[in-house]
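> Pasted the sequence and its predicted model underneath.
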Amino acid sequence: MNDGPFDPQGVVWQPVSPRLTTVRLISTAIGLAVPLLITLAIAVLAPVTWTWVLPAAVVAVGLWAAVLVPRQVRALGYAERDEDLLIRRGILFRALVVVPYGRMQLVDVQAGPLDRWGGIAKLQLHTAAASTNAVIPGLAPEEAARLRDRLAARGEARLAGL
């Protein structure tokens, strides 16, 4: 299905690892743990019944994330073309980043502790433009290393004029 500028004709999208969903959900749970504990303490210590709305709101945010995160991960993808790399993301607010190989200055692979635990890595492309948001999260480490080497070689070849 061709969906305008966000799905160019003839592009075969590579999905990211579904393990990214687990890592993001765990990260969200960790981020919501402290607000949940604080709002639970307020609800237990306060004699007013309406204070139970606060922990319920935190739980609702967690449930919303549990629905949204898997869809966000499925919307992530990348495609290597002859002259550039395409990266797509987003469900409601979609984005398509096109990075010409000749504009790449640095290709970086990163993985935090939770990423390493989940067996994933993030590939970041740096260009001359400071506002470039060319990131591919959720790659298997082997795929991230392969893509890093391939993109770096393609970028060098374009800069050399080959």
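Alright, I've got the coordinates.

> okay, CA-based contacts and neighbour counts for the rest of this
Fine.

> Beta-bridge partners for residue 78, please?
Counting by DSSP bridges, residue 78 is bridged to residue 14, residue 87.

> Begin at 38, not 1, for the rest of this chat.
Let's use 38 as the start, then, which means that last one is residue 115.

> contacting residues for it?
Going by CA atoms under 8 Å, 6 or more residues apart in numbering, residue 115 touches 50, 51, 52, 122, 123, 124, 125, 173.

> ok, of those, which one's closest to residue 41?
Residue 41 lies nearest to residue 125 out of these, by CA to CA, at 12.7 Å.

> Next, the closest residue to that closest one other than its chain neighbours: secondary structure please.
In space, and not counting its chain neighbours, residue 125 is closest to residue 133: 4.5 Å by CA to CA, 6 or more residues apart in numbering. Using DSSP: H, G, I helix; E, B strand; the rest coil, the structure places residue 133 in strand.

> Mind pulling the model confidence for residue 76?
In this prediction, residue 76 carries a pLDDT score of 95.

> farthest-separated two in the contacts of residue 115?
With distances taken as CA to CA, the most widely separated pair in those is 52 and 122, at 13.8 Å.

> quick one: low-confidence ranges for this structure?
38-40, 167, 195-199 (pLDDT under 70).

> rerun that using 80 as the cut-off
38-44, 165-170, 192-199 (pLDDT under 80).

> Name the nearest residue to the spatially most central residue of it, sequence neighbours excluded.
With distances taken as CA atoms, centre = their mean, the residue of the chain nearest its centroid is residue 174 (4.3 Å). In space, and not counting its chain neighbours, residue 174 is closest to residue 159: 4.2 Å by CA to CA, 6+ apart.

> Please name every helix or strand in contact with the helix or strand harbouring that neighbour.
Assigning secondary structure by DSSP states H and E places residue 159 in strand 158-164. Judged by 3 or more CA pairs under 8 Å, 6 or more residues apart in numbering; DSSP states H and E, strand 158-164 is in contact with strand 141-147, strand 171-176, helix 178-196.
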